[in-house]
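J.: Kindly generate the corresponding structure for this input.
(one chain, ligands or ions: 2)
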Amino acid sequence: MEGGDHLAHERKKAQFDVEAMKIVWAGSRHAFEVSDRISKLVASDPAFRKDNRPMLSRKELFKNTLRKAAYAWKRIIELRLSEEEASKLRFYVDEPAFTDLHWGMFLPAIKGQGTEEQQQKWLPLAYKMQIIGCYAQTELGHGSNSSKWWPGGLGKISTHAVVYARLITDGQDHGVHGFIVQLRSLDDHSPLPGITVGDIGMKFGNGAYNTMDNGVLRFDHVRIPRDQMLMKVSQVSREGKYSQSNVPRQLVYGTMVFVRQTIVADASCALSRAVCIATRYSAVRRQFGSQNGGPETQVIDYKTQQSRLFPLLASAYAFRFVGEWLKWLYTDVTQRLQANDFSTLPEAHACTAGLKSLTTAATADGIEECRKLCGGHGYLCSSGLPELFAVYVPACTYEGDNTVLLLQVARFLVKTLSQLGSGKQPVGTTAYMGQVEHLMQCHCNVQKAEDWLKPAVILEAFEARSARMSVACAKNLSKFTNPEEGFAELSGDLVEAAIAHCQLIIVSKFIEKLQQDIPGKGVKQQLGVLCNIYALFLLHKHQGDFLSTGCITPKQAYLANEQLRALYSQARPNAIALVDAFNYTDHYLGSILGCYDGNVYPKLYEAAWKDPLNDSVVPDGYREYIWPMLKQQLRTARL
Ligand SMILES: CCCCC/C=C\C/C=C\C/C=C\CCCCC(=O)SCCNC(=O)CCNC(=O)[C@H](O)C(C)(C)COP(=O)(O)OP(=O)(O)OC[C@H]1O[C@@H](n2cnc3c(N)ncnc32)[C@H](O)[C@@H]1OP(=O)(O)O
Ligand SMILES: Cc1cc2nc3c(=O)[nH]c(=O)nc-3n(C[C@H](O)[C@H](O)[C@H](O)COP(=O)(O)OP(=O)(O)OC[C@H]3O[C@@H](n4cnc5c(N)ncnc54)[C@H](O)[C@@H]3O)c2cc1C
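T.: Ligands and ions are numbered 1, 2, ... in the order given. Have a look, this model is predicted:
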């Protein structure tokens with residue numbers, strides 16, 4: 001079958017208004033329109049071609065990225081794009097580059113930690129890209145005194161960096177502070193005296209994150225002017241006297257709160273992209289199961305395929321909505337900080353750290369699962385999945401190793417519980433801890449499978465599980481005379497309690513989303529199905545937690561699984577429309593298996609012939625290596 005829409009019959013099955021769902025996914029009609037227009041602009045411009053990336057050498061790849069970044073900047077200026085549109089354009093170009101760190105970390109660090117004066121000096125230069133900056137925190141070894149190692153954009157391009165280093169005045173160590181440091185000449189790009197800088201080498205995967213110049217940096221007696229220390233949180237006077245503003249020291253780490261929030265939003269993009277590919281291909285692919293000479297079964301109709309794919313589809317939507325909420329939380333905490341209200345900073349830190357950890361881990365695993373869901377073809381670069389995985393997987397490490405971040409959440413939970421005794425009522429995402437006595441002894445009253453569709457039932461089960469796991473940790477911790485020793489010894493349990501708490505946040509934010517007015521025929525109903533799939537899939541996967549804490553009975557766990565199977569059947573006719581609602585162009589998807597028209601096989605066949613190995617019928621090296629071997633075998637056979 002050539003041409004046409006091979007998925008048209010699937011699209012006809014949809015029981016909801018896909019156009020309305022596109023608006024829900026984008027967040028608003030305005031966001032949808034910007035996204036739609038900019039993604040098409042990028043897709044239609046041959047300068048943004050990306051299908052050749054896996055074939056390029058590192059040097060070619062890197063130069064190509066510089067070309068695209070410069071061209072993107074030219075288009076941003078020519079078209080007078082707003083900040084929102086420009087950031088969408090970089091997103092749809094879909095190639096990690098030094099600009100991610102310039103716009104995503106360097107600028108926010110100056111905005112968050114620089115004084116008014118410092119912002120006035122540096123921000124205009126950075127906004128016009130007259131300087132290019134990166135964010136240099138991580139070290140090669142431990143401490144903050146060896147070599148910086150890893151910062152993106154540092155290796156070859158950045159002219160400046162926000163460097164985190166210890167501040168020592170009059171022999172006294174004041175801890176880690178941020179400094180703006182010029183690294184390279186603005187005339188010929190050579191490193192300034194005393195500065196050694198370079199790329200740290202090839203990373204995982206062809207193409208993938210190798211478009212980024214992650215770098216190493218060393219200083220040898222480098223002097224920077226005093227006013228290049230970021231001085232919003234603490235200051236050093238002309239006389240060398242150190243002082244601190246009346247704000248928490250933790251604000252030094254404010255950029256991380258901002259970036260972790262954007263990483264959660266990004267997780268829903270990466271996961272939805274993989275899910276879109278795997279869902280479309282699962283509807284195209286037929287394998288076995290035919291009876292009486294009829295067509296073979298579409299693999300999406302196998303229950304096992306559904307039980308692997310649909311929870312990922314539901315997770316993509318869940319991460320989208322929790323990301324939206326996290327953006328609100330970040331905006332709220334920022335406004336409060338401006339009014340000198342620091343009360344919600346610990347919660348914002350715990351939420352961004354924990355949700356970054358959970359969503360990136362699930363997304364990295366989910367992309368790999370999508371590759372397997374596509375069978376052998378998923379392993380081809382033209383499926384788009386190997387590169388997506390290789391680009392995405394470091395998200396589990398950068399901006400804080402996921403386990404280290406969960407330990408930060410666990411500390412916050414233990415602290416919240418310990419403050420209950422002094423009468424401090426928890427608020428926000430820990431408000432449920434205020435009912436800890438009820439949650440420690442409540443019984444789930446599910447009697448039939450459909451009872452699991454009630455939001456209040458789901459919420460109470462997740463709250464009880466999280467509260468009981470945190471309380472068990474707190475009780476065990478109290479047995480140690482040295483709290484830090486206890487924390488280290490129990491860190492495995494603490495991480496599990498933190499996961500339970502963060503899963504509760506995602507489930508509860510999905511449920512809250514459904515309480516809003518959502519226009520469009522059948523849209524809310526489909527989101528309800530996805531919300532229940534997400535919650536019951538987690539409950540099924542972690543049933544050990546729910547059972548061992550006595551939150552549910554084995555019979556109720558069985559009923560949850562029964563309900564989950566029924567939900568998969570409800571999602572099935574809507575699956576293609578639910579991934580169409582992401583509104584991804586074929587360019588952005590970068591996948592033959594996921595192409596909109598589902599015309600997979602002719603495209604795969606055609607793409608194979610474009611591989612450089614197929615430039616000639618007889619490969620280079622045949623005369624040199626293969627021909628002599630064949631002749632040798634001939635002689636041996638004759639003997
Ligand atoms: C491919 C495209 C991707 C697109 C993504 C989308 C956009 C993003 C844009 C760009 C991103 C692109 C690429 C990725 C770049 C990645 C950049 C980096 O990786 S930068 C390096 C990040 N490093 C880390 O995250 C290190 C992790 N470690 C920590 O976070 C540690 O907590 C610490 C900050 C290093 C501090 O450790 P320390 O031991 O000194 O202190 P703690 O005991 O941990 O904490 C003390 C105290 O402070 C509180 N706290 C900690 N962090 C924060 C924070 N961020 N905000 C607020 N508060 C914080 C902590 O809770 C403790 O409080 P208390 O218990 O009350 O004393
Ligand atoms: C692609 C990529 C881009 C990056 N970009 C930047 C950048 O732009 N700027 C920048 O400054 N950095 C950047 N980084 C560095 C990144 O932030 C760090 O790699 C990350 O914070 C983890 O730190 P680490 O590498 O020192 O790991 P480690 O801390 O050495 O972790 C190693 C292992 O030890 C465990 N571990 C560590 N500490 C504890 C603990 N306290 N308790 C229990 N277990 C622990 C971890 O879970 C992990 O399993 C980047 C990294 C990558 C991979």
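J.: The stretch 351-500 of the chain against ligand 1: which residues are in contact?
T.: Taking C-beta under 6 Å from any ligand atom as the criterion, the stretch 351-500 of the chain approaches ligand 1 at residues V391, Y398, E399, G400, V404, Q408, R411. Any C-beta I mention is one placed from the backbone N, CA and C, and that applies to glycine too.
J.: ok, the residue in the stretch 401-550 of the chain positioned nearest to ligand 2 - contacts?
T.: With C-beta to the nearest ligand atom, the shortest gap between the stretch 401-550 of the chain and ligand 2 falls at T403, namely 3.7 Å. The contact partners of T403, by C-beta atoms under 8 Å, 6 or more residues apart in numbering, come to S357, V495.
J.: Quick check: which element contains it?
T.: T403 is located in helix 402-420, with elements delineated by DSSP states H and E.
J.: Grab the nearest non-local neighbour of T138.
T.: With C-beta to C-beta, 6 or more residues apart in numbering as the criterion, T138 has its nearest non-adjacent residue at 4.5 Å, and that residue is W150.
J.: got a pLDDT number for the one you found?
T.: For W150, the pLDDT comes out at 98.
J.: My read is that it contacts L217, right?
T.: No: the pair W150 / L217 is not scored as a contact, 9.8 Å apart, by C-beta atoms under 8 Å.
J.: who has more neighbours, these two?
T.: For W150 against L217, the residue with the higher neighbour count under other C-beta atoms under 10 Å is L217, and the figures read 24 against 19.
J.: in terms of contact, does that one touch G153 like I think?
T.: No: look at L217 against G153 with C-beta under 8 Å: they stay out of range, at 11.3 Å.
J.: what's the longest helix anywhere in the chain packed up against?
T.: What stands out as the longest helix in the chain, according to DSSP state H, is helix 303-338. Helices and strands touching helix 303-338, by 3 or more C-beta pairs under 8 Å, 6 or more residues apart in numbering; DSSP states H and E, are helix 254-284, helix 345-373, helix 491-514, helix 523-541, helix 554-571, helix 575-580.
J.: give me every residue that touches L326.
T.: Q261, V264, A265, C351, T352, L355.
J.: Would you check how far apart P602 and R280 are?
T.: P602 sits 15 Å away from R280, going by C-beta to C-beta, to the nearest Å.
J.: no, scratch that, I was asking about T403
T.: The gap separating T403 from R280 is 34 Å, by C-beta to C-beta.
J.: same deal with L388?
T.: 15 Å.
J.: same thing with A474?
T.: Remark: distance between A474 and R280 (C-beta to C-beta) = 47 Å.
J.: Same check on G590?
T.: Between G590 and R280 the distance, using C-beta to C-beta, works out to 13 Å.
J.: ok, the closest residue to ligand 1 within the chain - contacts?
T.: Distances between the chain and ligand 1 by C-beta to the nearest ligand atom are smallest at G104, namely 2.6 Å. Contacts for G104 were tallied using C-beta under 8 Å, 6+ apart; they are V259, T262.
J.: Kindly recompute the last result at 10 Å.
T.: Neighbouring residues of G104 by C-beta atoms under 10 Å, 6 or more residues apart in numbering: S87, R90, Y135, G152, G153, T255, F258, V259, T262, I263, D266.
J.: what subset of the residues you listed is also close to ligand 1?
T.: Cross-checking the contacts of G104 against ligand 1 (C-beta under 6 Å from any ligand atom) gives Y135, G152, V259, T262, I263, D266 as the overlapping residues.
J.: Out of those, flag the one nearest to Q250.
T.: Out of those, the one with the shortest distance to Q250 is V259. That distance is 15.2 Å, counting by C-beta to C-beta.
J.: burial measure for the closest one, as a count.
T.: Around V259 there are 21 other residues, counting by other C-beta under 10 Å.
J.: how close does the residue of the stretch 401-550 of the chain closest to ligand 2 get to E369?
T.: With C-beta to C-beta as the criterion, T403 and E369 are 21 Å apart.
J.: What's the end-to-end length of stretch 92-112?
T.: Terminal residues of stretch 92-112 are spaced 27 Å apart (C-alpha to C-alpha, to the nearest Å).
J.: Stretch 389-397 too?
T.: 14 Å.
J.: buried ones in it?
T.: Within stretch 389-397, the residues that qualify as buried are F389, A390, V391, Y392, V393, P394, A395, C396, counting by 16 or more other C-beta atoms under 10 Å.
J.: Do it and ligand 2 come into contact?
T.: Yes: applying C-beta under 6 Å from any ligand atom, one finds stretch 389-397 touching ligand 2 at P394, T397.
J.: D517 is in what secondary structure piece?
T.: Secondary structure assignment for D517, by DSSP H and E: no helix or strand.
J.: what's near enough to touch it?
T.: K524.
J.: do you know how far it is from G323?
T.: The value you get for D517 to G323, if C-beta to C-beta is used, is 20 Å.
J.: near ligand 2, which residues of the stretch 1-150 of the chain show up?
T.: L101, Y135, A136, Q137, T138, W150.
J.: let's go with 5 Å and repeat that
T.: For the stretch 1-150 of the chain, the contact set with ligand 2 under C-beta under 5 Å from any ligand atom comprises Y135, Q137, T138, W150.
J.: ChimeraX command for the buried members of the residues you listed?
T.: Command for ChimeraX, covering only those of these found buried under the criterion 16+ other C-beta under 10 Å:
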select :135,137,150
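J.: how about the residues of the stretch 1-150 of the chain next to ligand 2 in CSV, adding secondary structure?
T.: CSV is the format used below for these (DSSP: H, G, I helix; E, B strand; the rest coil):
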residue, secondary structure
Y135, strand
Q137, coil
T138, coil
W150, coil
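J.: Now do the shared contacts for L217 and G153.
T.: Counting by C-beta under 10 Å, 6+ apart, the common neighbours of L217 and G153 are C134, A136, A161.
J.: can you give me the mean pLDDT across the helix or strand containing G175?
T.: The secondary structure element spanning G175 is strand 172-182 (assigned by DSSP H and E). The average pLDDT for strand 172-182 rounds to 95.
J.: so how far is it from its chain's centroid?
T.: Relative to the centre of its chain, strand 172-182 is centred 29 Å away, using C-alpha atoms, centre = their mean, to the nearest Å.
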